[in-house]
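**Q** Could you look at this predicted model? Sequence included:
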Amino acid sequence: MKGSCGAWAALALLLGGCVSEPVAPRVARASPQSRSLLSDEARRAFLWAYAPIVLKAADERAPKHVGQDWLTNFFFDGDRDLANNKARWSRELRRWVAGDAALSGWAIRPTIYSALIEFADAGGGKSLVLLYHLYHAKQQGSIHDWERVELRLDEVAGGPGRGERVAYALVTEHSTHRRVESPPPGQRLVVWQAPWSKGGPARKAELRAVSSDLTQLSAEAPAEVEVSGLGPQPFHYLFAPPGTAALGRQVETIGQERARELVAVGGRPQTGEVRVLAYELQDLADVLPTHLDPRSWRDEVRVSLETPVRDSAGRVTIPAGETRFLFRARDTQDPGEARKGYPWKHWFWGTYALGGKGWTREWIEGLAGPLAQHDYFAHDGGPERSGQWLRHESGWWRASQGGWDGRWQGLFPD
C-alpha cells in the first residue's frame, strides 16, 4: 500500500517436528515486562484499536443477490448446521431483506472473527499478533469465505497507544499472504474487498490495501479509492466498528426492519450512497466447537489439547485431551466442496510464507503424532518464513512466561 504519513493521520478518526525449520530457532527470554500479562480488557482494546475499515465492492445487480456482499456471522440463520449457510444465504436472504416474518429469527450481524496471541519475543519484550477473519457465508462456487487481516505489534505495554510498534500488517489475496504498508500505532488499516462473484479485476472477496484518504471523498464524488495493484476501484459498503464516524456519517446496524434501506446501490455509486455499516468482533474460539460436528465438516486432523477451549464466560466448550477436529467444509449445495476450516488454515498456525503461499501440509505431514495445540510460527515481518517458532513444549503460552494463546479462548460476549 502506498501513502503518506499525512494521509494516515487523516484516517486516525476512522480508525488496525516439521520437515524443515523456516529459520534457525530463537528462544525468547522473558523479561519482567514480558512476563506481565495483559488483562482481558486490554486485549479487547488492542483488537478494537487495530480492527480494519473494510470497503466492500458489491455485485448485487440482480434482485436475488440483494445483501449478499454483507459481512455476516457463521450462525446468522439460528442453527448450528454450517453446511446449509451458502444455500440459505443464496436462496432466502432476499426474503429476509423483504421483511418475511418467517425469517425474523435470523440475526444478520456483520462479524469479524478475531484472536490475540500474546508472547515474549526473541528480544525479551512483549509482542502481540492480532488476527481478523472477515466472514462471508459464500463466495461464487464456494461456501465460507476466509480472507483475513493480520498485524504484529512489538514493544507492547499495558494497552493501545502506549508506545507499541506495528512490526507488519498483511492481508490475504485468497491464498497469498501479502504484506502491506503498516498503519501508524493506534490507527486502522483500510482494506478493499472484491465482490462475492468472479467478475471484475479482482474476484471472490479477495482483499487489497487502500492508499486513498477517505476524508477527502465528498458525498457527491464517485465512491472510488486507489487499490493496491488494481488502481481506482468502486465500493458500495463501508464496514467499521460500532461508534465509528466514516465518510461523514455514523455507522448503522443492520436489522430486518431497515434491511431494504441498507442494501447496496447498484452500479457505481456516489460516496453519499455508500452504506456505512457496523460490524462486531467475535472469537475464533466460538467456531472451533463446530469443527467436531460431522454435519458441518469432514476429514479429520488430530490436535493434542493441553488446555480446554473456552468461551468468553470461561465455560469449557471442548475439554483438554487429544481431539479429532474435522476441517473440510460440507456444503448442501455442492457435495464436492473442499474448502478448509480453522484447524487447517495457514494463518491459524502461522505456517505461511509472507508474500507467498502456506506450508501447513508440509508441517503437519512432518509430525509423528497429533498437532500440539500451542504451536505457532510468529512472523517478524521479514520475507518468506522469517520469524520464531513458539513451540508448545516451551510453555510460551503459560501465564508464568507472559503468554496467552487467544486462538483457543474467547474474549467477546456472544
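**A** Happy to help now that I have it.

**Q** which helices and strands does the lengthiest helix in the chain pack with?
**A** The helix that spans the most residues within the chain, counting by DSSP state H, is helix 85-97. Applying 3 or more Cβ pairs under 8 Å, 6 or more residues apart in numbering; DSSP states H and E, one finds that helix 85-97 makes contact with strand 136-139, strand 142-145. For every residue, glycine as well, the C-beta is placed using N, CA and C.

**Q** Excluding its own residues, what touches the first one? List them.
**A** This points to strand 136-139. 68-72, 76, 85-86, 88-90, 143-145, 196-197, 204-205 (Cβ atoms under 8 Å, 6 or more residues apart in numbering).

**Q** ditto for stretch 83-97
**A** 63-68, 72, 74, 76-77, 102-103, 106, 108, 137-138, 142-144, 256, 259-260, 263, 295-296, 329-334.

**Q** And the average pLDDT for that stretch is what?
**A** Across stretch 83-97, the average pLDDT comes to 96.

**Q** again, but for stretch 175-185
**A** For stretch 175-185, the mean confidence score works out to 89.

**Q** Any idea how far apart the tips of that stretch sit?
**A** 27 Å (Cα to Cα, to the nearest Å).

**Q** One more: stretch 252-259?
**A** 11 Å.

**Q** next one: stretch 333-345
**A** 23 Å.

**Q** In terms of helices and strands, where is the most centrally placed residue in the chain?
**A** By Cα atoms, centre = their mean, the chain has its centre lying nearest to residue 133, at 1.6 Å. Per DSSP states H and E, residue 133 falls inside strand 126-134.

**Q** quick one: strands adjacent to that strand?
**A** Strand pairing for strand 126-134, using DSSP bridges, gives strand 111-120 (antiparallel), strand 148-154 (antiparallel).

**Q** Out of those, flag the one nearest residue 410.
**A** Nearest to residue 410, of all the strands paired with strand 126-134, is strand 111-120, at 9.5 Å by Cβ to Cβ.

**Q** model confidence over the closest one, on average?
**A** Strand 111-120 comes out with an average pLDDT of 97.

**Q** how long is stretch 349-357 end to end?
**A** Start-to-end, stretch 349-357 (Cα to Cα) is 13 Å.

**Q** how many other residues sit next to residue 293?
**A** Residue 293 has 14 neighbours, counted by other Cβ atoms under 10 Å.

**Q** Roughly how far does it sit from residue 327?
**A** Per Cβ to Cβ, to the nearest Å, residue 293 is found 12 Å from residue 327.

**Q** Walk me through the domains of the protein.
**A** 5-64+106-283, 284-408 (automatic domain parsing).

**Q** isn't residue 171 right next to residue 205, touching?
**A** No: the pair residue 171 / residue 205 is not scored as a contact, 11.6 Å apart, by Cβ atoms under 8 Å.

**Q** list the residues that contact both of those two?
**A** residue 147.

**Q** returning to what we had before: which one of the domains of the chain has the poorest average confidence?
**A** domain 5-64+106-283 (a mean of 87).

**Q** hang on, the earlier thing: where's the strand holding residue 133 relative to the chain centroid, distance-wise?
**A** Relative to the mean C-alpha coordinate of its chain, strand 126-134 is positioned 9 Å out (Cα atoms, centre = their mean, to the nearest Å).

**Q** hmm, back to that, which parts of the longest helix of the chain count as buried, going by neighbours?
**A** Buried positions in helix 85-97, judged by neighbour count with 16 or more other Cβ atoms under 10 Å: 85-90, 92-94, 96-97.

**Q** Considering the residues you listed, which is situated nearest to residue 401?
**A** residue 85 (38.8 Å).

**Q** What separation do you get for that closest one and residue 332?
**A** According to Cβ to Cβ, residue 85 and residue 332 sit 9 Å apart.

**Q** I'd guessed residue 262 sits against residue 278; true?
**A** No: look at residue 262 against residue 278 with Cβ under 8 Å: they stay out of range, at 10.8 Å.

**Q** Now do the shared contacts for the two.
**A** In contact with both residue 262 and residue 278: 252, 254, using Cβ under 8 Å, 6+ apart.

**Q** and residue 203, that one's in a helix?
**A** No: counting by DSSP: H, G, I helix; E, B strand; the rest coil, residue 203 is not found in a helix; it is coil.

**Q** Burial check on the nearest residue to it once chain neighbours are set aside, number of neighbours?
**A** Excluding the flanking residues, the one nearest residue 203 by Cβ to Cβ, 6 or more residues apart in numbering is residue 194, at 5.7 Å. Neighbour count of residue 194, defined by other Cβ under 10 Å: 28.

**Q** same thing with residue 201?
**A** Neighbours of residue 201 under the rule other Cβ under 10 Å: 11.

**Q** And for the one 3 residues further on?
**A** Using other Cβ under 10 Å, residue 204 has 20 other residues around it.

**Q** before we move on, back to that, which of the contacts of stretch 83-97 are buried?
**A** Counted by 16+ other Cβ under 10 Å, the contacts of stretch 83-97 give 65-68, 72, 74, 76-77, 103, 106, 108, 137-138, 142-144, 256, 259, 263, 296, 329-334 as buried.

**Q** So which of those residues belong to strands?
**A** Taking DSSP state E, the ones among the buried ones among the contacts of stretch 83-97 that sit in strands are 137-138, 142-144, 329.

**Q** Nearest residue to residue 299 in space, please, no chain neighbours.
**A** residue 328 (4.2 Å).

**Q** Would you quantify the distance from the one you found to residue 294?
**A** 11 Å.

**Q** Mind checking which of these two has more residues around it?
**A** residue 328 (17 against 10).
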